[in-house]
Every structure is written in structure tokens, then in C-alpha cells.
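generate a structure from the sequence data that follows.
(4 chains)
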Amino acid sequence: MIDVRLTGEALDLAEAAARLGDDPDTGAIATFLGLCRGETGRLSALELEHYPGMAEAEITRIAESAMSRWPVRGIVAIHRFGIVKVGEPIVFVAARSSHRDAAFDAVRYVMDFLKTEAPFWKREHLVDGTVGPWVDATDADERAKARWA
Amino acid sequence: MIDVRLTGEALDLAEAAARLGDDPDTGAIATFLGLCRGETGRLSALELEHYPGMAEAEITRIAESAMSRWPVRGIVAIHRFGIVKVGEPIVFVAARSSHRDAAFDAVRYVMDFLKTEAPFWKREHLVDGTVGPWVDATDADERAKARWA
Amino acid sequence: MKYFAWVRERIGRAEEEIELPADVGTAGELIVWLKGRGEEYAHALERDRFIRVALDQRHVRHDAPLSGAREVALFPPMTGG
Amino acid sequence: MKYFAWVRERIGRAEEEIELPADVGTAGELIVWLKGRGEEYAHALERDRFIRVALDQRHVRHDAPLSGAREVALFPPMTGG
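Now for the predicted structure:
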């Protein structure tokens, strides 16, 4: 089971977690929640631009790849677009599996590829009301992806 | 911030997640939920015996060790005791951090040590109403712990 | 063509229909050709190798042939998640 | 002394007060000495090396000295989480 969704609204985490469904042979659920950081008071929000259609397709391809690598019974991925205020969720990824290693690996893999392959672009909105620069891609994220090669 | 709790009641996941608190410089929250598996229809529940006092102390020591290894801003760990029915949560662990790697590592580390060091013992309750054997410790769990050495 | 983030801003539009000359065969050749269309394109695409290309909503390398693609998108390295 | 899980079941009690002889110095020596106290102890502790020991709620190895511990617990390998 793969469930990928984009939304312009605040994430409802209970609803997001419920999308994994019930399954008596799931022994492990790993989740990740990425939040908009304030960068020690500098930011008021992040604005997320995305490529409609390709964003869903690319995250789905990443989740399919994760399910082919590990014995995972389901993956849910939800990603925000638009204005995301400091403290609000940007992305939620969850995987359920019989055992914990597969669930942990699958969620981390999806996040590492999502960061560098899913077509989203962040720009900063500053606390003084101005719109700041586009966020630069980081080497750390490229290295994180490389560890799965 | 470390928040360790044992409970004989069903876990309230929204309440559990809320224990992490708000923090504008948290960019990443990783969580793990361990559930009672049905073992393909064989089990009705697991019964968890624990060592009161030491269980809390040992999980706290494990969480402190995780916080000393990674730049994690908070860890929450909640563990059930008593009868846990198939599909119900046994353990919830969450960590918040500025960046995702630390949050993932901390949660996985806490789970790997909790499995082999926290004083809990599981016994099977079967669907035919009888009480089955105590669950044996696994080599896989010992190996999982060894990877952090 | 579709453009995103600062590529979109510098070019000044989010999408446009373009008739390609016959000698533009790959994604990389498309970028070079677009840079000759005007200052805004030259500015948006100046750091060639940082520009990502998607053909029909799939990432491709700059040496990928354009053949048959109905939708071509150019954008900066991604920063989601 | 506190006992848990199948160690508790085989010994037939969850806890008891015990006066140790002076020559029982380590956790491992305690296990050997307890095995001599009766069949239920011998059965519970027969696989010595699988028995875990905690002194004052901390795990210790079998060669750890008992000195000063107020609470000693014996139990099987743990299976929580």
C-alpha cells in the first residue's frame, strides 16, 4: 500500500497516521515529521513551490523503490505546498512493517530521496515581512542520498 | 528534555506526541511505534511483565545516552505493561532535533537498547484462550544493539 | 516548457510553448539554445550544470534525448521535505 | 531478592528476604549458592549464563561484587519493546 498526497492545508497528523490502516501483522511503524524551523527567530514561514503532477509521481516512485528494497507493508507520504509557518509540518512519512529495521530504513530512504528528487523549492519569509531568498540545496542532503547507493 | 513513562492503559498517541512539546528550532521529529502482532492469527494478546522502578530508570539511562551521542532536543518514551491486545501499541519512542539524521539515529538507538536492556518480559496469550510460553530473546535484537558499539 | 522557482522568476514566466529547431537534440542542447533567446534566459540558465531537467515529469540527465517529450521542465536543484 | 518472568514462576515467588553467607561475594556466586537451596531454584537457574542480574536496579555482569547492594534481582534475558 502506497498513499502519497500533497496539500495546501495544515497537516492533520492523526488523519495522516490513520492512512496507514490497521493490520494485525504490523509490528512496527516508523514515522518522520519535517517541520518549518524558525532559524533562531529569523523566519516567519517557508513558501513551498512545487511541480504539480510530477511531485506526486516522483514521491510515489521513491516509495515504490523503498517497498522493493525492504519488506514494508505500507508507506504514507504527505507533503505541504504554499506558505508553511514556523513550527508547522512540511512533510510526513510513515512506514509499517512486521519488524522495526525495515520500517526505519524505508522512512529514512524516502526522506533522503524526497529531499533531493521531489520537485519542491523553498523560499524564506522573514519575520520583518519581507520575502527572502530561495533556499540553496545542500551537500549534506546529496550525501544522505548517496549512502543508499 | 527526556520524558519516560510506563502505563498499564492503552497508549494515547496524540497525547504521547504532544509530550515532545513545541520548539521553533525543531526541524525533525522521528517516531517509532511498536505494536502487538497477531503472528498470523495465532495470538490474541501479549502479556508484559516489568520490573517497576528499574524499567523507568533503565529507559531513562538509554535516552540520556542517546542525547549525549546526537544533537537531539528531546526524547519521549512510553512503554505498556500488562495485557496488550493484537494491534495495540506496546512502545512509543519519539525524538526531536534540528535535523533529521540525529532524530532518526536517536529513536533507533533507544529502540535497539530498550529491546535488550529494559526489564520487560513478554508472554503469549493464544487465540484459543490459553497462556502460551514466554517469548525468547532473539539474536537479531542483540545484533541490532551491537551496531552502535 | 515549464519553469520553476528562481528559473521561473528570472525568465519571467511559468510556462510557454516553444517550437524547437531540428538541431536541438538533447536536454543540454535545449538549455544552450534557450540561453541564446534573450538576457532573461541567459541569466536564468547561466549556471548550466545546476539546472535540472524533467521530460514528461521524469528527471533526466543533460545528455538525454528530447525525442517525443511533450512536457519539458527546467528548475533549480530541489529543496523540499 | 526479586525474581521476574520464568525465573519467578519456577522459584514460585516474586520476592524474598535472604541472609547471604559471607563467602558469597559476586552475582555469579549468588546464583550458584541459590541453586543449592532446592529443586525450584536449581530448575529456575539451571542455565546459569542466561540469567541476568541487577543490583539496585542496574544491570551487572556475573563477576560483579554484591557488596552493599540492597536489592538484587534475577531474571531471564529481556524481551520488551
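
where do the helices sit along chain C?
Taking DSSP state H as the test, the helices found in chain C are C:5-11, C:27-35, C:39-44.

those: which one's closest to chain B?
Closest approach to chain B among the helices of chain C (C-beta to the nearest C-beta): helix C:5-11, 20.4 Å. The C-beta positions use only the backbone N, C-alpha and C, and glycine is treated the same way.

ok now the closest one, how far from the chain's centre?
From the chain centre to the centre of helix C:5-11 is a distance of 11 Å (C-alpha atoms, centre = their mean, to the nearest Å).

near chain A, which residues of chain C?
C:2, C:4-6, C:8, C:54, C:57-59, C:73, C:75-81 (C-beta under 8 Å from any C-beta of the partner chain).

now the buried members of the residues you listed.
Buried members of the residues of chain C next to chain A, scored by 16 or more other C-beta atoms under 10 Å in any protein chain shown, are C:2, C:4-6, C:8, C:54, C:57, C:59, C:73, C:75-76, C:78-81.

of those residues, closest to C:Glu15?
Nearest to C:Glu15 out of those is C:Lys2 (C-beta to C-beta; 4.7 Å).

for the residue nearest to A:Leu126 when sequence neighbours are not counted, give me its contacts.
Distances taken as C-beta to C-beta, 6 or more residues apart in numbering or on different chains put A:Gly132 closest to A:Leu126, at 4.9 Å, once the chain neighbours are dropped. Each residue near A:Gly132 by C-beta atoms under 8 Å, 6 or more residues apart in numbering or on different chains is listed here: A:Leu43, A:Arg123, A:Glu124, A:His125, A:Leu126.

mind checking how far the closest residue to A:Trp148 other than its chain neighbours is from B:Ile62?
Take A:Trp148 and drop its neighbours on the chain: the residue closest to it by C-beta to C-beta, 6+ apart is A:Tyr109, 5.7 Å away. Taking C-beta to C-beta, to the nearest Å as the measure, A:Tyr109 falls 25 Å from B:Ile62.

close to chain B: what parts of chain A are there?
Residues of chain A lying close to chain B by C-beta under 8 Å from any C-beta are A:13-14, A:17, A:22-41, A:86-87, A:98, A:100-101, A:103-104, A:107-108, A:111, A:144.

quick check, central residue of chain A?
A:Val91 (3.6 Å; C-alpha atoms, centre = their mean).

check the secondary structure at the residue nearest to A:Leu126 for me.
Of the three states, A:Gly132 takes strand under DSSP: H, G, I helix; E, B strand; the rest coil.

look at it and report its pLDDT.
With respect to pLDDT, A:Gly132 scores 91.

what of A:Asp12?
So, for A:Asp12, pLDDT stands at 89.

how close does the residue in chain C positioned nearest to chain A get to B:Asp101?
Distance from chain A to each residue of chain C (C-beta to the nearest C-beta) is smallest for C:Gly80, at 2.6 Å. Separation of C:Gly80 from B:Asp101 (C-beta to C-beta): 17 Å.

over to A:Ile29?
Distance, A:Ile29 to B:Asp101, by C-beta to C-beta: 20 Å.

neighbour-wise, which of those two wins?
A:Ile29 (26 against 17; other C-beta atoms under 10 Å in any protein chain shown).

any idea which element that one lies in?
In this assignment (DSSP states H and E), A:Ile29 forms part of strand A:28-35.

can you give me the mean pLDDT across the next helix or strand after that strand?
Once the chain leaves strand A:28-35, the next helix or strand it forms, by DSSP H and E, is strand A:43-50. Averaging pLDDT along strand A:43-50 yields 97.

do I have it right that A:Val84 meets A:Ile90?
Yes: under the criterion of C-beta atoms under 8 Å, A:Val84 makes contact with A:Ile90 at 5.4 Å.

list residues touching both of the two?
Common neighbours of A:Val84 and A:Ile90 (C-beta under 8 Å, 6+ apart) are A:Cys36, A:Leu46, A:Leu48.

need the phi and psi values for the nearest residue to A:Gly82 once chain neighbours are set aside.
Leaving aside its sequence neighbours, A:Gly82 sits nearest to A:Gly8 (C-beta to C-beta, 6+ apart; 4.4 Å). Phi and psi for A:Gly8, reported as degrees, to the nearest 10, are phi -90, psi 0.

in contact with A:Gly8, which residues?
A:Arg80, A:Phe81, A:Gly82.

and what of A:Leu126?
A:Arg42, A:Leu43, A:Ser44, A:Gly132.

circling back to that earlier point, among the residues of chain C next to chain A, name the ones in strands.
C:Lys2, C:Ala54, C:Arg58, C:His59, C:Ala73, C:Phe75 (DSSP state E).

from those residues, pick the one nearest chain B.
C:His59 (22.1 Å).

bridging residues for that closest one?
C:His59 has the following beta-bridge partners by DSSP bridges: C:Ala54.

contacting residues around it?
By C-beta under 8 Å, 6+ apart, the neighbours of C:His59 are A:Glu58, A:Glu117, C:Arg52, C:Val53.

neighbour-wise, which of the residues you listed leads?
Neighbour counts for the contacts of C:His59, by other C-beta under 10 Å, peak at A:Glu58, which reaches 24 neighbours.

that older thread, list just the nearest of the contacts of A:Leu126 to chain B.
A:Leu43 (8.8 Å).

might one say that the closest one is in contact with A:Val84?
No: between A:Leu43 and A:Val84 there is no contact under C-beta under 8 Å: 10.2 Å.

what about the two, which has more around it?
More crowded of A:Leu43 and A:Val84, by other C-beta under 10 Å: A:Val84, with 23 against 18.

what strand or helix carries that one?
Taking DSSP H and E as the definition, one finds A:Val84 inside strand A:82-85.

that strand pairs with which strands?
For strand A:82-85, the paired strands and their directions (DSSP bridges) are strand A:43-50 (antiparallel).

following the strand it pairs with, which helix or strand comes up?
Immediately after strand A:43-50, counting by DSSP H and E, sits helix A:54-69.

quick one: contacts for the residue nearest to C:Glu9 when sequence neighbours are not counted?
Nearest non-adjacent residue to C:Glu9, counting by C-beta to C-beta, 6+ apart: C:Ala44, 8.0 Å away. Residues in contact with C:Ala44 (C-beta under 8 Å, 6+ apart) are C:Tyr3, C:Trp6, C:Val7, C:Glu9, C:Arg10, C:Ile11, C:Leu74.
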